[in-house]
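> give me coordinates for this.
(2 chains)
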Amino acid sequence: MVTETHFQKELEELKWNLLRMAATVEEAIHDAVQSLVKRDSDLAQKTFEVEDRINKLEITIDDMCLKLLALRQPMAADLRFITSAMKMITDLERMGDQAVNIAERALSLNQEPQLKPYIDIPRMAEITQSMLKDVLDAFVNRDPKLARSVCERDDVVDELNDQVMRELLTYMMSDPKAIPRAVHLMIASRCLERIADHATNIAEDVIFMVDALIIKHHADVEEKG
Amino acid sequence: MDEKVKISVQNLNFFYGQVQALKNVSLEIMANHVTALIGPSGCGKTTFLRCLNRMNDIVVGARTEGKILMDGYDIYGAEVDVVQVRRRVGMVFQKSNPFPKTIFDNVAYGLKINGNHSRSELAARVERSLKDAALWNEVADRLQNSAMDLSGGQQQRLCIARALAVEPEVILMDEPASALDPIATQKVEELIQELKKKYTIVIVTHNMQQAARVSDVTGFFYLGELIEVDRTEKIFTKPKMKRTEDYVTGRFG
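Down below sits the predicted model:
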């Protein structure tokens, strides 16, 4: 087919909306992390507004996918794309929720003196955000290799989170007045770790979409029917 | 796009002699929309379609009650010229029926018997119709060949071009792709999406998936009654009537 069919145009529109949602999530995570690290409560407020846009997009895209499944009888790659899209928007929406959680912690933390220099949390944030950026590039360019590299980085984020927990525990044990701030930081760190998990889920969906391989719940890649 | 009613069917009852084939059907066909009519065999959808351009007039013992208004005027009115109705409301059939003439003469036929046109005018309108029917590129260099040499899908598009040549406002299609292979079917379906920009289309199909792919509005007929009519995405995602749901999910039909 030389000219694009109406169905192909609809698939392009779906892809475009997915990327719009993803870009909004990137913005929310960036603002939330900065609101914590730079102790900027205005940015925390902005995160709450951005999250609203994310939720609306989830509903719009969900509706589009249902309509495409009902009316177009998609097959093969088109079918995998649409079902992957439905899963991806769930992970993206949760990432938006986690960004809001981080912003809420930031609002509380910014009202008190900084407990300690932030070193590991910004490192976690950097890796997590690069995971999200790469998984979106993998989606756009249909690049399973790049998607797999995202899955591999999840372990690094998990280890950094453990490190943050251990260090904050020592602060809490040596000074009870540190406990509220330490708890906020632990929660924020956990949120980043969850965001990285969601990025990994999206990477698995991209691999399924492109190669029809299911690698969920396995350490190594296995081909499933 | 402004939603304008092209054809308004009001309390239509249709009888073949003693047998009532359509029971109190009311429906609005919107301009520049594709309306699909679905339902099991014998439900009355083709009978209904043929009422829209008074093709049922030629059936002995046929009786119509109720009103069918096009642009506000009853096409069954006493002073109505039925030939004009059929010029404004064209029809394409399940089995394509090209005349045993050249491709050019097939498309020009309606124009020739409908009035005086110069040779250049005819040529221009034939070209336009073949382009609108997405057939021009395939036949431009052999318009004087016989239409019978074309493939099934091409013949069907030729019949569409022939219907378009007399510049109708509405095109009725009775299972237009059921005799075609999947690729030809896809071309006809894609063509229907383009045609609705200029024309109003009503299509009868026994293929639900085709109705889902191609139409904006879908009406479900059963035993002569219009059970439900709504935007196609509603009919196929959350129909209101259980009977509709049973039909589209394949529980019967």
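> show me where chain A dips below the pLDDT cut-off.
A:1-3, A:218-225 (pLDDT under 70).
> can you pull the residues of it lying near chain B?
A:5-7, A:66-67, A:70-73 (C-beta under 8 Å from any C-beta of the partner chain). Heads up, the C-betas are built off the backbone N, CA and C, glycines and all.
> who wins on neighbours among these?
Neighbour counts for those peak at residue A:71, which has 21 neighbours (criterion: other C-beta atoms under 10 Å in any protein chain shown).
> ok, it touching residue B:232?
Yes. Counting by C-beta atoms under 8 Å, residue B:232 is a contact partner of residue A:71 at 6.6 Å.
> name the residues contacting each of these two.
Contact criterion C-beta atoms under 8 Å, 6 or more residues apart in numbering or on different chains; residues shared by residue A:71 and residue B:232: residue B:212.
> about what we covered before: please flag which of the residues of chain A next to chain B sit within helices.
A:6-7, A:66-67, A:70-72 (DSSP state H).
> ok, the residue of the stretch 51-200 of chain B found nearest chain A - contacts?
Closest residue of the stretch 51-200 of chain B to chain A, C-beta to the nearest C-beta: residue B:193 (5.1 Å). Contacts here follow C-beta under 8 Å, 6+ apart; on that basis residue B:193 touches A:6, B:34, B:214.
> pretty sure the last one contacts residue B:192?
It stands for residue B:214. Yes. Residue B:214 is in contact with residue B:192 according to C-beta under 8 Å; the separation is 5.3 Å.
> run through the stretch 1-150 of chain B and note the low-pLDDT ranges.
Ranges of the stretch 1-150 of chain B meeting pLDDT under 70: B:1-2.
> residue boundaries of the helices in it?
Taking DSSP state H, counting those that start in this stretch, the helices of the stretch 1-150 of chain B run over residues B:45-51, B:82-88, B:103-114, B:119-132, B:136-139.
> circling back to that earlier point, element containing the residue of the stretch 51-200 of chain B closest to chain A, please.
helix B:182-195 (DSSP states H and E).
> partners of the helix or strand following that helix in the sheet?
Once helix B:182-195 ends, the next helix or strand along the chain (criterion: DSSP H and E) is strand B:200-204. Strand B:200-204 has the following strand partners under DSSP bridges: strand B:34-38 (parallel), strand B:170-174 (parallel).
> just to revisit the earlier point, which one of the ones in helices among the residues of chain A next to chain B sits closest to residue B:14?
residue A:71 (30.5 Å; C-beta to C-beta).
> ok, residue B:67 - how many residues close by?
15.
> please apply the same query to residue A:217.
7.
> from residue A:151, how far out is it?
Distance, residue A:217 to residue A:151, using C-beta to C-beta, to the nearest Å: 12 Å.
> related to what we said a few turns ago, in TSV: the contacts of residue B:193, plus distance to residue A:83.
Below are the contacts of residue B:193 laid out as TSV (distance: C-beta to C-beta, whole Å):
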residue	distance to residue A:83
A:6	21
B:34	27
B:214	23
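> quick check, nearest of those residues to residue A:142?
Nearest member of these to residue A:142, counting by C-beta to C-beta, is residue A:6, at 22.6 Å.
> OK, contacts around residue B:111?
B:117, B:122, B:125-126, B:165-166.
> can you select the buried ones from these in ChimeraX?
The command below creates a ChimeraX selection of those among the contacts of residue B:111 that count as buried (16 or more other C-beta atoms under 10 Å in any protein chain shown):
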select /B:122,125,126,165,166
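> ok, and of the contacts of residue B:111, which contact chain A?
With C-beta under 8 Å from any C-beta as the criterion, the contacts of residue B:111 include none near chain A.
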